[in-house]
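# no sequence on this one, just coordinates:
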């Protein structure tokens, strides 16, 4: 029996050294971040109450739904007469961008911020009212 009790602590020590048990931890393992996007509600104040045509976008980080301030927003397209149109703006501190009175036409939208971007083609703009564009900005 004496030999058995002396080998048992050696085996337990080896198991701790190999990391097979939670010998060094005195609690549960650290929580892993949830990889799913969180649902967030953003209140966007009226930005273009007097405009006949308004494009309003809200840009958030795809993984966290946090607003993306300072993102570059580009609309490239052709108006109804076929002339090239390029509109450029930036998101504000709340991740919101506004374009007032865009010429009617079909556009490509591209949004960039650091290593993140998103692109959409075939956006028809220029109809009376407000067009709302929610954007989740992902990694390149």
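Looks like it came in fine. Keep in mind that what you see is a predicted model, and the values were worked out from it rather than measured.
# The nearest residue to residue 71 once chain neighbours are set aside: neighbour count?
Of all residues beyond its chain neighbours, the one nearest residue 71 is residue 113 (3.8 Å), with distances taken as Cβ to Cβ, 6 or more residues apart in numbering. For glycine as for every other residue, the C-beta is placed from the backbone atoms N, C-alpha and C. Residues near residue 113, counting by other Cβ atoms under 10 Å, number 19.
# Same check on residue 77?
23.
# does it sit in a helix, a strand or a coil?
Under the three-state scheme (DSSP: H, G, I helix; E, B strand; the rest coil), residue 77 adopts strand.
# Check whether it really touches residue 83, as I assumed.
No. Applying Cβ atoms under 8 Å, one finds residue 77 not in contact with residue 83, separated by 9.8 Å.
# buried sites along stretch 108-124?
109, 111, 113, 116, 118, 123 (16 or more other Cβ atoms under 10 Å).
# Which parts of this structure are strands?
In the chain, the strands defined using DSSP state E lie at 53-61, 72-79, 84-90, 96-100, 105-113, 116-125, 129-139.
# who wins for proximity to residue 47 among these?
With Cβ to Cβ, the closest approach to residue 47 among those belongs to strand 96-100: 4.5 Å.
# so what does that closest one touch, helix or strand wise?
Under the contact definition 3 or more Cβ pairs under 8 Å, 6 or more residues apart in numbering; DSSP states H and E, strand 96-100 sits against strand 53-61, strand 84-90.
# okay, these, which one's buried deepest?
The densest packing among the helices and strands packed on strand 96-100, expressed as mean neighbour count by mean count of other Cβ atoms under 10 Å, is seen in strand 53-61 with a mean of 21.
# Leaving out the residues flanking it, which one is nearest to residue 66?
residue 60 (6.2 Å).
# Report the contact partners of that neighbour.
40, 42, 66, 67, 68, 95, 134, 135, 136, 137 (Cβ atoms under 8 Å, 6 or more residues apart in numbering).
# what does residue 100 give?
Contacts of residue 100 by Cβ under 8 Å, 6+ apart are 48, 51, 53, 54.
# And residue 51, by the same measure?
The neighbours of residue 51, taking Cβ under 8 Å, 6+ apart as the test, are 100, 101.
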